[in-house]
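A.B. asks: got a predicted model here, sequence first, then my questions.
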Amino acid sequence: MLRTYIDRSKNFDHAYEQYLKTHEKNMVQVIHHFEDELHRSNFRFGRFTIPTFMKPHFITSQQARKLGDASSALAQMVDRLVHLYFEDPAIRNVFALSPEAEELVRIDPGYRRTAVVVRLDCFMEGESIKFMELNCDSPAGMGYTDFLEDILFSVAELKDFFEDVHILRGRRVDKLLDALLTVYEEFGAYETPQIAIIDWKTVRTKPEFELLKTYFEEKGYKTTIADPRELRFRGGKLYHGNFRIDLVYRRVIFSELLEKLRDVTDFIKAYRERAVCVVNPLRSRLGSSKALLSVFTNPGYDHLFSAQENEIKREHIPWTRRVVDAEKFYGGKKIYLIDFLKDEKETLVLKPADSYGGKDVAIGNETRDEDWNFTIDKALKSNWVVQEFVPLPVLSVPTVVNRKLDFVLKKMNTGSFVFGGVPAGSLSRLSDDSVINVSRGGGLISAVVCEGEIIR
């Protein structure tokens, strides 16, 4: 069999593409087999298989170090700002919380860290890394990515290539479980916990919960998947049926929990009384607000951070402001702000501060003027942010067209996991659209670290 030849003047993507072309006769069938295996699996979002491709996003060891260092530093800064929310009125005013939300975030979870399970979404191209959103409430994808990676690396026809580029593998779910157990110990519990993964019955990410449940149980931790409305608090313990819950891995999103507060009183009571360890804590919702990015990029808050942290912020976070703050910047004159948003349309993005799944994001250079004006009107009346537009990187991925191997370009973003303050790997999402999210039909691929380039 032909071995991999990696040209030092090229990158891993080029090498992978050349490798597939060299073995083109076999690769068409290999891709079909790869896709069939996924269709038969739990790699699903609701009823549908998550779009993917028989290729990972190759990350150099240098990129991985830079991504990991920046991600862990930002996660630490988020944690500090969330703590300051309870001490500093200036930080508290950044968030627009209802009284009900305020009451929930003020519940002490029984441990220090405010966002244990974090995914920071960025655009990464070469050495440039720009973080666009901070997912600190209920981030997803680690189970899906490990599962996909296992299938990809089991493809016999690709093993030579992966061996030659020295893939550094590490399971994201290993680090997830480690972080959950570390918090559980800090919470003050030492017996082997029984775990509940909680979210609504109808969520489309339930297949990932099944993958995580299988993994947790393989490691010796009894696990149930539960709708928070089904939980009962009795005798000082939280139960799902007759299953006693010691540790909750919360996947239900804060805003949705808030909407159904009357239906989840037992869960909230158990959480409030520290009868159960809940990860992430409800106050992690603060860390997910895009309003935090306006704190990071506003020089008026630089005194809250070290010189090194300020350097990281300046390098990795695009200019962001809450729209209401931008209005203050213009001397309280709304007309000047509107003029700015219209005049700089091609360089700006508008998005709700507390939405998820890419909902309502408007990219100026892809939005018709009348739609942009309508979005401006919404942004002025609610809690929105305006952000500097950052061009999206693209990735070439293999596909089959007319029974022949072909390659197509997809727009890409990368999610960097930080669990318990420690970098925990990453994933990448692909789409033809600039707003990339699986819930909007985007695809998912594994992001893998290559230790170095070699020539055979």
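C.D. replies: That came through fine.

A.B. asks: which of the helices or strands spans residue 101?
C.D. replies: Residue 101 is located in helix 99-105, with elements delineated by DSSP states H and E.

A.B. asks: name every strand pairing with the helix or strand that that helix is followed by and say which way it goes.
C.D. replies: Downstream of helix 99-105, the next assigned helix or strand under DSSP H and E is strand 117-125. If you go by DSSP bridges, strand 117-125 pairs up with strand 128-135 (antiparallel), strand 404-419 (antiparallel).

A.B. asks: okay, the ones you listed in JSON lines with mean neighbour count, mean pLDDT and distance to residue 185 next?
C.D. replies: C-beta here means a position set from N, CA and C on the backbone, and glycine is covered the same way. As requested, the strands paired with strand 117-125 are exported to JSON lines (neighbours: other CB atoms under 10 Å; pLDDT from 0 to 100; distance: least, CB to CB, whole Å):
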{"stretch": "strand 128-135", "mean neighbour count": "21", "mean pLDDT": "95", "distance to residue 185": "25"}
{"stretch": "strand 404-419", "mean neighbour count": "20", "mean pLDDT": "96", "distance to residue 185": "15"}
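
A.B. asks: for the stretch 251-400 of the chain, give me the ranges with low pLDDT.
C.D. replies: Applying pLDDT under 70 to the stretch 251-400 of the chain flags residues 326-335, 357-358.

A.B. asks: quick one: the helices in it?
C.D. replies: Assigned by DSSP state H, counting those that start in this stretch, the stretch 251-400 of the chain shows helices spanning 254-259, 265-272, 285-288, 291-296, 307-316, 323-329, 334-343, 369-381.

A.B. asks: so which of those is the most surrounded?
C.D. replies: Most buried of these, by mean neighbour count (mean count of other CB atoms under 10 Å): helix 285-288, with a mean of 26.

A.B. asks: report the contact partners of residue 211.
C.D. replies: Applying CB atoms under 8 Å, 6 or more residues apart in numbering to residue 211 gives the contacts 42, 143-144, 146-147.

A.B. asks: circling back: of all the helices of the stretch 251-400 of the chain, which lies closest to residue 397?
C.D. replies: Closest approach to residue 397 among the helices of the stretch 251-400 of the chain is made by helix 307-316 (25.9 Å; CB to CB).

A.B. asks: circling back to that earlier point, ok, which of the strands paired with strand 117-125 comes nearest residue 13?
C.D. replies: Judging the strands paired with strand 117-125 by CB to CB, what sits closest to residue 13 is strand 404-419, at 9.9 Å.

A.B. asks: count of residues packed around residue 59?
C.D. replies: The local packing of residue 59 (other CB atoms under 10 Å) involves 22 other residues.

A.B. asks: and the gap between it and residue 423?
C.D. replies: Relative to residue 423, residue 59 is positioned 12 Å away (CB to CB, to the nearest Å).

A.B. asks: any common contacting residues for the two?
C.D. replies: In contact with both residue 59 and residue 423: residue 67, using CB under 8 Å, 6+ apart.

A.B. asks: quick one: buried residues of the lengthiest helix in the chain?
C.D. replies: Ranked by residue count under DSSP state H, the longest helix found in the chain is helix 61-85. For helix 61-85, the neighbour count (16 or more other CB atoms under 10 Å) marks 63-64, 66-68, 70-75, 77-79, 81-85 as buried.

A.B. asks: residue 225 should be in a strand, yeah?
C.D. replies: Yes - the assignment for residue 225 by DSSP: H, G, I helix; E, B strand; the rest coil puts it in a strand.

A.B. asks: am I right that it is in contact with residue 216?
C.D. replies: No - counting by CB atoms under 8 Å, residue 225 stays clear of residue 216, with 10.5 Å between them.

A.B. asks: show me what the helix holding residue 101 is in contact with.
C.D. replies: Surrounding helix 99-105, the residues in contact under the criterion CB under 8 Å, 6+ apart are 85, 97, 254, 257-258, 261, 268, 282-283, 285-286.

A.B. asks: how about those in TSV, adding distance to residue 318?
C.D. replies: Formatted as TSV, the contacts of helix 99-105 follow (distance: CB to CB, whole Å):
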residue	distance to residue 318
85	23
97	25
254	25
257	30
258	29
261	35
268	36
282	28
283	26
285	23
286	21
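
A.B. asks: tell me how the chain divides into domains.
C.D. replies: 12-289+393-450, 319-388 (automatic domain parsing).

A.B. asks: buried deepest among those, which one?
C.D. replies: domain 12-289+393-450 (a mean of 19).

A.B. asks: what distance separates that domain from the centre of its chain?
C.D. replies: 6 Å (CA atoms, centre = their mean, to the nearest Å).

A.B. asks: which single one of the contacts of helix 99-105 is nearest to residue 381?
C.D. replies: Using CB to CB, these come closest to residue 381 at residue 97, 17.4 Å.
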